[in-house]
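A.B. asks: Just need the structure, nothing else, for what follows:
(chains A and B)
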Amino acid sequence: MEKKTIFVTCGATIPFSKLVSCVLSDGFTRELVEYGFVRLIIQFGRNFATRFDQLVQERGGKVERTDIRIPDDEFGCDGNVSRYSLMDGTLEVIGFDFSAKVQKIISDFSDLVISHAGTGSILDSLRLNKPLIICVNDSLMDNHQQQIADKFVALGYVWSCVPTEISLTASLRASQTEKLKPFPVSHNSGFERLLNDVVYS
Amino acid sequence: MSEVESAYNMNTAYLASLVLIVSAIYVVRLVTILPFFHTQSRVRKETRDEASVLRTQKLSKKPLKIFVFLGSGGHTGEMLRLLQNYKDLLLDQSIIYVGYSDQASRQKFCSLAQNFPRCQVKYYEFMKAREVKATLLQSVKTIIGTLVQSLVHVIRIRLSMCGSPHLFLLNGPGTCCIITFWLKTIELVLLFLDSSHIVYVESLARINTPSLTGKILYWVVDEFVVQWRELRDNCLPRSKWFGILV
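C.D. replies: Predicted structure coming up:
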């Protein structure tokens, strides 16, 4: 079976603790391994490193020092890269606070992306044509994230879920059985003509 | 009536008519710099074919000068994507004036600009209009400081754009309101200045309602572009919709 990698991004500034604990949950990780995932990369956001280590260790993660396939500098982050092995060594877990090379991680290593509902993160995956699950942070006061998630789901570009183990696992299942609609290219000749007309008027 | 008195009356009459003429000029000027009177010319332009786009680009030998403002996080991301998507028009041999209010945005622009060595970049730091946890006096001070500083930047940038093809490309950050306000004030005062060419692109996150910045700038900018059809149809009939641009 092919060895797949899943990338989870929580956004850089606001911690999304529920998403991190859901992707580390027993049910979800077991399903991941069943679908052939061997690596879980998590960008957990600033000021969350201690909590992250704590969460993985609670799930029985063992600190991994050997068998490093992707060196730390590939992740483009200033902070520490935490490495663990979970599920008796069948799932490699890599976590860091913030990466300046998110697009490279998505394009080079990831087979599936789970992202918070920020437009930047959504576009990162869709522009690189990677299957994407959006997880809406229901504790934020900002309902634009819900709106944008609903809109993208209605258009068939992504799957979406809420940060619970059941919902996340259901989306993972959908991502392994269904196909998404292709995201249209961003270049638009109408808009280019408008810019041109304004500039040279 | 004495001679002195009639001369005095004449002077007042001259003065009054002068004031009247000047104010009439400024009213006319105000009308011409605001966008809702441009609809006629716009309809004509839309009939032009695509070949003419390339022709006008080639005819102009002067480099294109563009101002963009980078606010923070999401807005910066969308702006950089826009520039990247329309790089042939915007980033080839052009001079870019980058307004920014946080270092992270500046760094992101730097790394984008590295891919376009023929493009010249100038940076202008704008202070943030609002600081969290400031007292009333402090806020008043920072607001006045921001206004003055941005006026200085905007005057410099605007005057250096005279005579070249130019564009002010803006999106969501609140500072864009201040920048636009100064641009329009400069246009009003300097009677023979050409239009500033302001294009506003509303955030992708705005599906049903415009942002506060969008609501304000809708009435002032030359072109208002939204990324969702619902937004144009339900709230902003004068805006243009082309689909997702970022």
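A.B. asks: Quick one: name the residues of chain A near chain B.
C.D. replies: For chain A, the residues in contact with chain B (C-beta under 8 Å from any C-beta of the partner chain) are A:12-13, A:118-120, A:123, A:144-145, A:147-148, A:151, A:184, A:186-201. To be clear about C-beta, it is placed using only N, CA and C from the backbone, and glycine gets the same treatment.
A.B. asks: pull the helix or strand with minimum mean pLDDT from chain A.
C.D. replies: strand A:62-63 (a mean of 82; mean pLDDT, DSSP states H and E).
A.B. asks: Can you name the element that comes right after that strand?
C.D. replies: Sequence order places strand A:82-86 as the next helix or strand after strand A:62-63, per DSSP states H and E.
A.B. asks: list the helices and strands that following strand packs on?
C.D. replies: helix A:49-58, strand A:62-63, strand A:91-96 (3 or more C-beta pairs under 8 Å, 6 or more residues apart in numbering or on different chains; DSSP states H and E).
A.B. asks: Show the average pLDDT along the longest helix along chain A.
C.D. replies: Longest helix in chain A by number of residues (criterion: DSSP state H): helix A:165-177. In this model, helix A:165-177 has an average pLDDT of 91.
A.B. asks: got it, and stretch B:201-216?
C.D. replies: Here the average pLDDT along stretch B:201-216 is 90.
A.B. asks: Just the terminal-to-terminal distance for it.
C.D. replies: End-to-end distance for stretch B:201-216, by C-alpha to C-alpha, to the nearest Å: 13 Å.
A.B. asks: hmm, that stretch touching chain A?
C.D. replies: Yes: using C-beta under 8 Å from any C-beta, stretch B:201-216 reaches chain A at B:Ser203, B:Leu204, B:Ala205, B:Arg206, B:Ile207, B:Asn208.
A.B. asks: Look up how far B:Leu236 lies from the closest residue to the last one other than its chain neighbours.
C.D. replies: Taking C-beta to C-beta, 6 or more residues apart in numbering or on different chains as the measure, B:Asn208 lies nearest to B:Glu230, with 6.0 Å between them; neighbours along the chain are not counted. For B:Glu230, the distance to B:Leu236 under the criterion C-beta to C-beta, to the nearest Å works out to 10 Å.
A.B. asks: One more: B:Arg106?
C.D. replies: 31 Å.
A.B. asks: higher neighbour count, the two?
C.D. replies: B:Leu236 (20 against 16; other C-beta atoms under 10 Å in any protein chain shown).
A.B. asks: Would you confirm that the more buried one contacts B:Val225?
C.D. replies: No: checked against C-beta atoms under 8 Å, the pair B:Leu236 and B:Val225 is beyond contact range at 9.9 Å.
A.B. asks: low-scoring stretches of chain A, by residue?
C.D. replies: A:1, A:65-67, A:141-143 (pLDDT under 70).
A.B. asks: elements contacting the lengthiest helix in chain B?
C.D. replies: If you go by DSSP H, chain B has its longest helix at helix B:3-33. Contacts defined by 3+ C-beta pairs under 8 Å, 6+ apart place helix B:3-33 against helix B:175-189.
A.B. asks: for the helix it packs on, packing partners?
C.D. replies: helix B:3-33, strand B:65-70, helix B:136-160, strand B:166-170, strand B:198-201, helix B:212-217.
A.B. asks: can I get these in JSON lines with mean neighbour count?
C.D. replies: Shown next, in JSON lines, are those (neighbours: other C-beta atoms under 10 Å in any protein chain shown):
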{"stretch": "helix B:3-33", "mean neighbour count": "11"}
{"stretch": "strand B:65-70", "mean neighbour count": "24"}
{"stretch": "helix B:136-160", "mean neighbour count": "14"}
{"stretch": "strand B:166-170", "mean neighbour count": "25"}
{"stretch": "strand B:198-201", "mean neighbour count": "23"}
{"stretch": "helix B:212-217", "mean neighbour count": "18"}
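A.B. asks: can you redo the ones you listed as TSV with distance to A:Gly156?
C.D. replies: Listed next are the helices and strands packed on helix B:175-189 as TSV, based on distance: least, C-beta to C-beta, whole Å:
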stretch	distance to A:Gly156
helix B:3-33	44
strand B:65-70	32
helix B:136-160	43
strand B:166-170	31
strand B:198-201	25
helix B:212-217	27
